[in-house]
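>>> sequence-free structure coming up:
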């Protein structure tokens, strides 16, 4: 069994935003030399998500509107977590709704994806550098 | 390390619906000959979910009502994604709430499940054939 | 390839609550002797979640409030699932929103976590003993 690990760095200049990670994960996969296995991609932070969906900016806007309506950032005083001096309780909730990690099958040296599947990083508390872990195991 | 891959085909005749995949995944597992490992099951589409929960039709009705209330299909014009000519933005949101994939431990050649765990496909934009990927790695 | 399996027992005395599983999963990892691989942690029940987020009680309170607002336990008659004699349909919904399982990369014999990542069990239908599965594969 082979294993591979790399950190990808991201930096969303606003509080919230989406970054397409697909090409960088494919680059990791090539570098790993693994042909058959599983690939885990997860933020190393707890106010961000890695998820698989469409590369369509209108949809990302819809996600943003949906999540902000369900778990609005303001008023920040509505959340007990923010009594710790944070203002990001909403980001911890949004991250749970969108999920933490993506697991992708590796087949014949490629991400085993349907036509429209792409990997995204969703930032809910940005304006600083964050890390995304790519771990691949297989042969 | 051994690896196994198969696609399961599903076709939900209505826009939304649930399909129990448990037996088909068990069949994949037998075919793979893998005794210890991990099994990934995911739709190869971005308006559907694979999830693990109860085989109880009343609960599936409750999920349907809950999801349609949170992210209603209509009016379709409320979503930017639908400006692309689609009418399925709600399906992309519902899929995020229910999750994309299930990961199941394989132990002694069986799905390592609690008493009530079963694997379901949730369709949010059906009326056409779709594919579910089963990837198993282990020994 | 090595594989390891253990069940962790939990018992939340109230209907809902959170338990930090991080140390117990680390103990499993040491016991497994696995240095590189993937670790799956999932409840063997369908009204509970395993998730990765912050070890901060205010945040856990916020999750509780958020989930109970979205999918309230009462009136129990609002859910078809409860016609089976259960009163826990809300718990099945909450579990879907928080997710079923966590997958953690194993690197150099440790959980490959960012600074604040910890593993929690979220109970939505407690007052009885439940099982959490830890499955680790790797080398």
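Thanks, I have the structure now. The shown structure was predicted, so the numbers you read here are calculated from the model rather than taken from an experiment.

>>> center of chain A - which residue?
Central residue of chain A (Cα atoms, centre = their mean): residue A:50, 1.9 Å from the mean position.

>>> give me the beta-bridge partners of that one?
In this entry, residue A:50 is beta-bridged to residue A:121, by DSSP bridges.

>>> ok, now how distant is it from residue C:81?
31 Å (Cβ to Cβ, to the nearest Å). Just so you know, the C-beta spots here come from the backbone N, C-alpha and C atoms, and that holds for glycine as well.

>>> neighbours of residue A:123, how many?
When counting by other Cβ atoms under 10 Å in any protein chain shown, one arrives at 27 neighbours for residue A:123.

>>> and the nearest residue to it once chain neighbours are set aside, how many residues sit next to it?
If the residues on either side of it in the chain are set aside, residue A:123 comes closest to residue A:12, at 3.9 Å by Cβ to Cβ, 6 or more residues apart in numbering or on different chains. Residues near residue A:12, counting by other Cβ under 10 Å, number 20.

>>> so who does residue A:12 touch?
A:19, A:123, A:126, A:127 (Cβ atoms under 8 Å, 6 or more residues apart in numbering or on different chains).

>>> for residue A:40, see how far away it is.
21 Å.

>>> could you do residue A:102 as well?
8 Å.

>>> look at those two and report which has more neighbours.
Comparing residue A:102 with residue A:40 by other Cβ under 10 Å, the one with more neighbours is residue A:102, at 25 against 22.

>>> tell me the average confidence for stretch A:5-12?
Here stretch A:5-12 scores 98 as its mean pLDDT.

>>> same check, this time on stretch A:46-63
On average, stretch A:46-63 scores 98.

>>> now chain A against chain C: closest residue?
residue A:44 (2.9 Å; Cβ to the nearest Cβ).

>>> give the contact list for that residue.
A:7, A:130, A:131, A:132, A:133, C:113, C:114, C:115, C:117.

>>> tell me the bridge partners for the fifth one.
Legend: beta-bridge partners of residue A:133 under DSSP bridges are residue A:7, residue A:42.

>>> count the neighbours of it for me.
Using other Cβ under 10 Å: residue A:133 sits among 22 other residues.

>>> repeat that for the first one.
Here the neighbour count serves as a burial measure; for residue A:7 (other Cβ under 10 Å) it reads 13.

>>> is it correct that it is in contact with residue A:132?
Yes. The criterion here is Cβ atoms under 8 Å, and residue A:7 meets it with residue A:132 at 6.8 Å.

>>> chain neighbours aside, what residue packs nearest to residue A:55?
Per Cβ to Cβ, 6+ apart, closest to residue A:55 is residue A:118, 4.7 Å.

>>> if I look at the one you found, how far off is residue C:115?
Taking Cβ to Cβ, one finds residue A:118 at 28 Å from residue C:115.

>>> and for residue A:101?
Remark: distance between residue A:101 and residue C:115 (Cβ to Cβ) = 17 Å.

>>> of the two, who's got more company?
residue A:101 (23 against 8).

>>> summarise which helices and strands the longest helix seen in chain A is packed against.
Looking across chain A with DSSP state H, the single longest helix is helix A:57-70. Packing partners of helix A:57-70 (3 or more Cβ pairs under 8 Å, 6 or more residues apart in numbering or on different chains; DSSP states H and E): helix A:89-98, helix B:89-98.

>>> buried residues, the very next helix or strand once past the first one. List them.
Read that as helix A:89-98. Once the chain leaves helix A:89-98, the next helix or strand it forms, by DSSP states H and E, is strand A:102-107. Residues of strand A:102-107 classed as buried by neighbour count (16 or more other Cβ atoms under 10 Å in any protein chain shown): A:102, A:103, A:104, A:105, A:106, A:107.

>>> any idea how far the helix or strand where residue A:27 lies is from the middle of the chain?
In this structure, residue A:27 is located in helix A:22-32 according to DSSP H and E. Taking the mean of its C-alpha atoms, helix A:22-32 sits 15 Å from the chain's own mean (Cα atoms, centre = their mean, to the nearest Å).

>>> please apply the same query to stretch A:66-84.
21 Å.

>>> now stretch A:90-99
11 Å.

>>> how about it, does it reach chain B?
Yes. Using Cβ under 8 Å from any Cβ of the partner chain, stretch A:90-99 reaches chain B at A:97, A:98, A:99.
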